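Q: need a structure here:
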Amino acid sequence: MAFEFMREELTEARYIRRPSDTTGRNEFDIAESFFEHLLVLQQLRYENPSYAQKYAKDTLKYMNFSQVRTSATDLHNLASILNNPTKYTDKISNAGSVQFDELQFKRYLRDIASGKQRNNIDRTFLLRMQKNLGIRNSFLKNARRIMGDYGATNPGERKGVTNRMITSFRQDNQFRSDIFKPYANTAKRKGMIEPEQPGKKGPIPGWVKTAALMVGAYQLGKKF
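A: A predicted model of the protein is given here:
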């Protein structure tokens, strides 16, 4: 449907709503979160262009990236932190360690908002942003290669990167982000999410195993 994106939740920050939400992180954490959001938006340009246009417009609503705002998008707020790191030195460590090109980012958003695609320029922009942000995560580097040349990728590559991106977003509470649910819903509608195997359980987290061992040791100690 042409206006199916209107059924998605309203775009408003849910992951980074206020500066205090960044407490305990370093600037490289913020940079990775921003880059993940950016790659998701790039994929939505192809898989859900109407929503991508809406999100880009909402991200540009304040015309500049000067501060964190509750009524802005999560992508706007992450960009604002990277664009003004000295404002958040009391919240994040390593402030000022990465470079952020606000003008190029605005140009990129305007292209999405207007439905314009310039593949060569977009690929260059995403690669430059990866380098400027100091992205070292191998998955994000591979995702950038796929998202940057999305039209030339095969269905298996798209499905694989989508499932890993959704898994990544579920960590560190990023599933609360305003872009996550529309992204996951789009992936589900397009049949890009791996179905869960009936009765198959995921791996037991390390902290659960450790807790179980501690309880067992305690009970054994009591017997002795």
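Q: C-alpha only now, for contacts and for neighbours.
A: Will do.
Q: what's the longest helix in this structure?
A: Longest helix of the chain, by residue count under DSSP state H: helix 27-47.
Q: between the very next helix or strand once past that helix and helix 27-47, how big is the angle?
A: Moving toward the C-terminus from helix 27-47, the next helix or strand (DSSP states H and E) is helix 49-59. Calculated by axes from the mean of the first three to the mean of the last three C-alpha atoms, to 10 degrees, helix 49-59 forms an angle of 140 degrees with helix 27-47.
Q: Pull helix 49-59 out as PDB, backbone CA atoms only.
A: In PDB, the C-alpha atoms belonging to helix 49-59 read as follows (Å, rounded to 0.1, in the frame of the first residue of the first chain):
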ATOM      1  CA  PRO A  49      10.600   4.100   0.800                       C
ATOM      2  CA  SER A  50       7.500   5.900   2.100                       C
ATOM      3  CA  TYR A  51       8.500   5.400   5.700                       C
ATOM      4  CA  ALA A  52      12.200   6.200   4.900                       C
ATOM      5  CA  GLN A  53      11.100   9.600   3.400                       C
ATOM      6  CA  LYS A  54       8.900  10.300   6.500                       C
ATOM      7  CA  TYR A  55      11.700   9.400   8.900                       C
ATOM      8  CA  ALA A  56      14.300  11.600   7.000                       C
ATOM      9  CA  LYS A  57      11.900  14.500   7.000                       C
ATOM     10  CA  ASP A  58      11.300  14.100  10.800                       C
ATOM     11  CA  THR A  59      15.000  13.900  11.400                       C
END
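Q: lowest confidence element among the helices and strands of this protein?
A: helix 206-223 (a mean of 44; mean pLDDT, DSSP states H and E).
Q: Any idea how many residues pack against residue 194?
A: With neighbours defined by other C-alpha atoms under 10 Å, the count for residue 194 comes to 12.
Q: Kindly apply the preceding question to residue 155 instead.
A: Neighbours of residue 155 (other C-alpha under 10 Å): 10.
Q: From residue 171, how far off is it?
A: Using C-alpha to C-alpha, to the nearest Å, residue 155 is found at 25 Å from residue 171.
Q: quick one: buried residues of the longest helix of the chain?
A: Using 16 or more other C-alpha atoms under 10 Å as the test for burial, helix 27-47 gives 27-45, 47.
Q: which other helices and strands contact it?
A: Helix 27-47 makes packing contacts with helix 49-59, helix 74-83, helix 138-148, helix 180-189 when contacts are defined by 3 or more C-alpha pairs under 8 Å, 6 or more residues apart in numbering; DSSP states H and E.
Q: any weak-confidence spans in this structure?
A: Scanning the chain for pLDDT under 70 picks out 1-10, 195-224.
Q: Now with 80, please.
A: Across the chain, the ranges flagged by pLDDT under 80 are 1-11, 95-96, 172-173, 194-224.
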